[in-house]
Each structure stands twice: as structure tokens, then as C-alpha cells.
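Trainee: dropping a prediction and its sequence here:
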Amino acid sequence: MSRPKLEDAAAIWYLRLQYIIKDIEQVQNNAIRFIAKLKGRDSITAARDKLNLETLHDRRFKLRHKLLL
């Protein structure tokens, strides 16, 4: 499944279980850590801002908003 399809589907499915949300965010944080070549306790938030990436929560919110308009 390609990323655009996953992004579109994210507007529809809603994760109610916190552990699943945390798992997905951990995968995203690991990807940011890899892309930004972070070491140890370097800030993921600062790296995400520098790379101009949005959080999973923000992307889902924007997609739901677009879906409803």
C-alpha cells in the first residue's frame, strides 16, 4: 500500500487504544532519528521541526478536516 493511500485511510480510522498510538509514534520517531542521524538524547521534536515534518496527530487532524469540507 502506498503512502498516499495510507494517509487517506488515516483520516477515516481512529485509534482508540493508546498503546497502538504510542507504537506508531515510536516508529515515526525512530524514522526521524534515522533521517536526522540523531544520537542518544538529541531532541526528536527539534529534529522534526528542522525537517519540517508533522506529527501523526497533526496529519490525521488535517486529513479529517479536509475530508469533512
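Mentor: Thanks, I have the structure now.

Trainee: for the protein, longest helix please?
Mentor: In the chain, assigned by DSSP state H, the helix with the most residues is helix 18-35.

Trainee: elements contacting the helix or strand just after that helix?
Mentor: For helix 18-35, the following helix or strand on the C-terminal side (DSSP states H and E) is helix 44-50. The contact analysis (3 or more C-beta pairs under 8 Å, 6 or more residues apart in numbering; DSSP states H and E) places helix 44-50 against helix 18-35. In short, each C-beta sits where N, CA and C put it, glycine included.

Trainee: which other helices and strands contact the helix it packs on?
Mentor: Using 3+ C-beta pairs under 8 Å, 6+ apart, helix 18-35 is in contact with helix 44-50, helix 56-68.

Trainee: Arg60: neighbouring residues, count only.
Mentor: Residues lying near Arg60 (other C-beta atoms under 10 Å) number 19.

Trainee: how far away is it from Ala47?
Mentor: 21 Å (C-beta to C-beta, to the nearest Å).

Trainee: again with Tyr19
Mentor: 24 Å.

Trainee: so these two - more neighbours on which side?
Mentor: Higher neighbour count among Tyr19 and Ala47: Ala47, with 17 against 8, using other C-beta under 10 Å.

Trainee: which non-adjacent residue is nearest that one?
Mentor: Leaving aside its sequence neighbours, Ala47 sits nearest to Ala36 (C-beta to C-beta, 6 or more residues apart in numbering; 3.9 Å).

Trainee: isn't Ala36 up against Thr45?
Mentor: No - if you go by C-beta atoms under 8 Å, Ala36 and Thr45 don't touch, sitting 11.1 Å apart.

Trainee: may I see the buried residues of stretch 34-45?
Mentor: Residues 36, 38, 44 are the ones in stretch 34-45 that count as buried (16 or more other C-beta atoms under 10 Å).
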